[in-house]
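Q: Just a sequence and a predicted model for now, questions to come.
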Number of protein chains: 2
Amino acid sequence: MEKRSFQDFYPDDYSHCYGCGRLNAKGHQLKSFWNGDETIARFTPKEYHTAVPGFVYGGLIASLIDCHGTGTAAAAMYKKEGRAMDSHPPLRFVTAALHVNYLKPTPLGVELELRGVIKEITKKKVVVDISVSANGILCARENVVAVKIPDEMMK
Amino acid sequence: MEKRSFQDFYPDDYSHCYGCGRLNAKGHQLKSFWNGDETIARFTPKEYHTAVPGFVYGGLIASLIDCHGTGTAAAAMYKKEGRAMDSHPPLRFVTAALHVNYLKPTPLGVELELRGVIKEITKKKVVVDISVSANGILCARENVVAVKIPDEMMK
């Protein structure tokens, strides 16, 4: 597995995200990687990321999915275009739509595994299905529609 | 407007939520209120709740919606059953599904307003449509399906 995550390749200007920015000291700093044709990220929630005691807050799960989705979208687009992830201009995606189905209460205190499958890729849009598991048990299933970052969000 | 928020009525055991628990010192502590037949919550993101500099992180928006949705669901059910919000047994809801459409980049540095409209209410389920605005401009629109908290999540 590549040692540098997708997010490690983001230029500094795009590395302040609360979910996955390596320059956001207060953020979650999620890191996503290729795993064959799929993508993977692992994250252990903090003890205060709780819904009710013992279970993970659903908003955190949505947040992790958001970042794994946009990271997967960028990586998939670099791959499709046959480009290295540190080549210019950088490709960055934002979420246009997020659909989360919470299938089971997610236990707190264990590492979560997010797996991404690329369902569709066009010039400006990538659709990613993501599953979230805890201890091998599927807890949430999601679909992220990621689009290339709009000009108004770029420096 | 009632001075105590929906979340202020949650029993202590249900007040540790990272998004809205009054006992979670590290959380967002969102507070929701009735506003006529609709519900309202206001929240000013911190400077580190960023997507790219100047814009709010989409995962935070999903998180606020999640809590405003479950809070609205509980309040709606108390109302439907003609019960006071501090009556027993307590009613608590969790999110079964969350659908978020991000319509515009949400500016950081201003108060966000969340408005909830109850679309459906059955014995165990409440569906809430929520809009998120910044400076009066609609930035995201969502639908939350909230269900009564499952036994396995209760103490």
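A: That came in fine, so what should we check first?
Q: From here on, just use CA atoms for contacts and neighbour counts.
A: Will do.
Q: The nearest residue to A:A96 once chain neighbours are set aside: what's it in contact with?
A: Among residues not flanking A:A96 along the chain, B:Y102 sits closest, at 5.0 Å (CA to CA, 6 or more residues apart in numbering or on different chains). Contacts for B:Y102 (CA atoms under 8 Å, 6 or more residues apart in numbering or on different chains) come out as A:T95, A:A96, A:A97, B:G58, B:C139, B:A140, B:R141.
Q: Then the last one would be within a strand, right?
A: Yes - secondary structure of B:R141 (DSSP: H, G, I helix; E, B strand; the rest coil): part of a strand.
Q: Excluding chain neighbours, give the residue nearest to it in space.
A: B:S131 (4.5 Å).
Q: Repeat that for the first one.
A: Residue nearest to A:T95 in three dimensions, not counting chain neighbours: A:A146, with 4.4 Å by CA to CA, 6+ apart.
Q: Buried residues in the helix or strand in which that neighbour is found, which are they?
A: Here A:A146 sits within strand A:137-148, counting by DSSP states H and E. By neighbour count on 16 or more other CA atoms under 10 Å in any protein chain shown, the buried set for strand A:137-148 is A:L138, A:C139, A:A140, A:R141, A:E142, A:N143, A:V144, A:V145, A:A146, A:V147, A:K148.
Q: So which elements touch that strand?
A: helix A:58-80, strand A:93-102, strand A:125-134 (3 or more CA pairs under 8 Å, 6 or more residues apart in numbering or on different chains; DSSP states H and E).
Q: would you list these in JSON lines and tack on mean pLDDT?
A: Below are the helices and strands packed on strand A:137-148 laid out as JSON lines (pLDDT from 0 to 100):
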{"stretch": "helix A:58-80", "mean pLDDT": "97"}
{"stretch": "strand A:93-102", "mean pLDDT": "96"}
{"stretch": "strand A:125-134", "mean pLDDT": "98"}
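Q: Deepest in the core, which of these is it.
A: Scoring those by mean neighbour count under mean count of other CA atoms under 10 Å in any protein chain shown gives helix A:58-80 as the most buried, with a mean of 26.
Q: Packing partners of it?
A: Secondary elements touching helix A:58-80 (3+ CA pairs under 8 Å, 6+ apart): strand A:32-35, strand A:93-102, strand A:112-121, strand A:125-134, strand A:137-148, helix B:58-80.
Q: And the contacts of B:Y102, which is closest to A:K26?
A: Minimum separation from A:K26 among those (CA to CA) is found for B:G58, which lies at 15.8 Å.
Q: give me phi/psi at the spatially closest residue to the closest one that is not a sequence neighbour?
A: Spatially, and ignoring its direct neighbours in sequence, B:G58 is nearest to B:A51 (6.9 Å; CA to CA, 6+ apart). With angles defined as degrees, to the nearest 10, B:A51 sits at phi -90, psi -80.
Q: now B:A51: how far from A:R141?
A: According to CA to CA, to the nearest Å, B:A51 stands 23 Å off from A:R141.
Q: Residues in contact with stretch A:42-55: which ones?
A: Residues outside stretch A:42-55 that contact it (CA under 8 Å, 6+ apart): A:30-32, A:56-58, A:60, A:105-114, B:13-19, B:24, B:26-27, B:153-154.
Q: Please spell out the PyMOL selection for the buried subset of those residues.
A: Applying 16+ other CA under 10 Å to the contacts of stretch A:42-55, the buried members can be selected in PyMOL as follows:
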select buried, (chain A and resi 30+31+32+56+57+58+60+105+106+107+108+112+113+114) or (chain B and resi 14+15+16+17+18+19+24+27+153)
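Q: Give me the nearest residue to the residue nearest the centre of chain A, chain neighbours excluded.
A: Ranked by distance to the mean C-alpha position of chain A (CA atoms, centre = their mean), the top residue is A:H68 at 0.9 Å. In this structure, A:H68 finds its nearest non-sequential neighbour in A:S32, 6.2 Å apart by CA to CA, 6+ apart.
Q: partner strands of the strand or helix carrying A:A41, parallel or antiparallel?
A: In this structure, A:A41 is located in strand A:38-43 according to DSSP H and E. Here strand A:38-43 has these sheet partners by DSSP bridges: strand A:32-35 (antiparallel), strand A:112-121 (antiparallel).
Q: I'd like the ones you listed written out as TSV, with mean pLDDT and distance to B:K79 added.
A: Shown next, in TSV, are the strands paired with strand A:38-43 (pLDDT from 0 to 100; distance: least, CA to CA, whole Å):
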stretch	mean pLDDT	distance to B:K79
strand A:32-35	97	44
strand A:112-121	98	37
